[in-house]
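Student: Structure, please.
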Amino acid sequence: MRAIAVANQKGGVGKTTTSVNLAVALSRAGRNVCLIDLDPQAHATLHVGVVPGADGPTAFDVLTAGQPLAAACVPVTDTLSVVPAHIDLSAVELALAGTHGRESILRQRLAADPRCRAESGADDPQAGRFDYVIVDCPPSLGLLSLNAMAAVGEVLLPLQPHFLALHGFSKLLETIELVADHVNPGLRLLGVVLCMYEASTRLAGEIGRDVESFLGGTGGSGAAHQAWRDARLFQTRIRRNIRLAEAPSFGQSIFDYAPDSNGAEDYAALSGEVDRAVATGLIRRVA
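Tutor: Numbers count the residues shown, from 1 in each chain. You can find the predicted model right below:
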């Protein structure tokens, strides 16, 4: 099982859009996927057509009330499940105040779920085991994002090619370093994916080259922390596409809402890159 947190402390950069459409693309390719929504806004939950808190436990109950992951999983398709978020998640720090090991609760829940413990070669959707767990983090670096990073093997960073979005890049790298040093030694930055990309603008091209140069220049460098030393800039660019903005209001992924759009083409390509990273061993198993 491979677990990936999609994280960026800046809002509006395509984080939830990437979490949902990457999860759906992988599931459409035959992978068994669990999407965990840790954002109190519950946008990923709504995006896949699930009403937050309508029936049964949510991610809040998994983190604060000892509910197992299975109790909160809502089937969306045969190969995609979602652990829904709820506005209650905004109070998770208060609810867990004084709780020992509160930053590792999600990791414990994943470890206790047999679907997250598939052995090598046993990734069979029909067996109910998860091939991927995708965690949509909130636009902050608080306890919820910390739980996600403590539970996964890799972090995927969606980045809008604007200088203000780039400004928080170093802060997220620092957070990944801290989690790797003190909570989850196996944590790695998988890479950066450029979202809302406009190839016709010089700025987008410049930022893409800057990120690629920065990440490429750290390979094997002793100055780079091991948590992001081998990260890469994904070749797929998620182009700015109005269909991606429209799809959530219909409770659909881009593949259901506009299967012939640039958005569907780009997220299918990104899922292919991620899956190839798995096949070549660049994404490690966490269970």
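
Student: what's the burial count for T99?
Tutor: Applying other C-beta atoms under 10 Å, we find 11 residues neighbouring T99. Quick note: C-beta positions are derived from backbone N, CA and C, even for glycine.

Student: Please report the distance of it from F60.
Tutor: Look at T99 and F60: by C-beta to C-beta, to the nearest Å, they are 14 Å apart.

Student: Then D39?
Tutor: Distance from D39 to F60, by C-beta to C-beta: 12 Å.

Student: Return every residue with contacts to both of those two.
Tutor: Listed contacts common to D39 and F60 are 85, 89; contacts here mean C-beta atoms under 8 Å, 6 or more residues apart in numbering.

Student: what number of residues lie near D88?
Tutor: Neighbour count for D88, taken as other C-beta under 10 Å: 18.

Student: hang on, it packs against L63?
Tutor: No - at 9.8 Å, D88 and L63 do not qualify as touching, with contact defined as C-beta atoms under 8 Å.

Student: need the contact list for A44.
Tutor: Neighbouring residues of A44 by C-beta under 8 Å, 6+ apart: 16, 19-20, 35, 37, 82, 85, 136.

Student: Next, the spatially most central residue of the chain: phi, psi?
Tutor: When the chain is reduced to its mean C-alpha position, the nearest residue by C-alpha atoms, centre = their mean turns out to be V6, at 2.6 Å. Phi and psi for V6, reported as degrees, to the nearest 10, are phi -100, psi 110.

Student: for the one 3 residues further on, same thing?
Tutor: With angles defined as degrees, to the nearest 10, Q9 shows backbone torsions of phi -70, psi -10.

Student: what's it in contact with, if anything?
Tutor: Each residue near Q9 by C-beta under 8 Å, 6+ apart is listed here: 139-141, 145, 168, 171-172, 175.
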